[in-house]
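A.B. asks: coords below, sequence missing:
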């Protein structure tokens, strides 16, 4: 149990839908995810996915791929930001968990 928690706290994903990292590094900043690191993976909390339609309606589309998140014993997951914010410090980044399921991560700390 200790190893998965440590990996998730340092930007690695675990296999399975809820195995998302607690934080993601991007552009020399950290972004925090929607799940509580110690509990939610173990208890199978449902992710609040955003679809492409949701992202369009919120004005966060189009997204541009800027990297990937390594997954322990699995395929890495793509990381996206809003295209217009690629050169700036975005307030959110998005990880594609599965087709049609983008999970937002919020900027940790202030500007």
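C.D. replies: Thanks, I have the structure now. Keep in mind that what you see is a predicted model, and the values were worked out from it rather than measured.
A.B. asks: burial check on residue 78, number of neighbours?
C.D. replies: The tally of other residues near residue 78 (other CB atoms under 10 Å) stands at 16. In short, each C-beta sits where N, CA and C put it, glycine included.
A.B. asks: report the beta-bridge partner residues of it.
C.D. replies: Counting by DSSP bridges, residue 78 is bridged to residue 68.
A.B. asks: quick one: contacts for it?
C.D. replies: By CB atoms under 8 Å, 6 or more residues apart in numbering, the contact set of residue 78 is 65, 67, 68, 69, 95, 96.
A.B. asks: surely the third one touches residue 79?
C.D. replies: Which is residue 68. Yes: contact between residue 68 and residue 79 holds when scored by CB atoms under 8 Å: they sit 5.9 Å apart.
A.B. asks: neighbour-wise, which of those two wins?
C.D. replies: residue 79 (21 against 14).
A.B. asks: strands along the protein, start to end?
C.D. replies: Applying DSSP state E to the chain gives strands spanning 23-26, 29-32, 63-69, 77-82, 92-98, 101-107.
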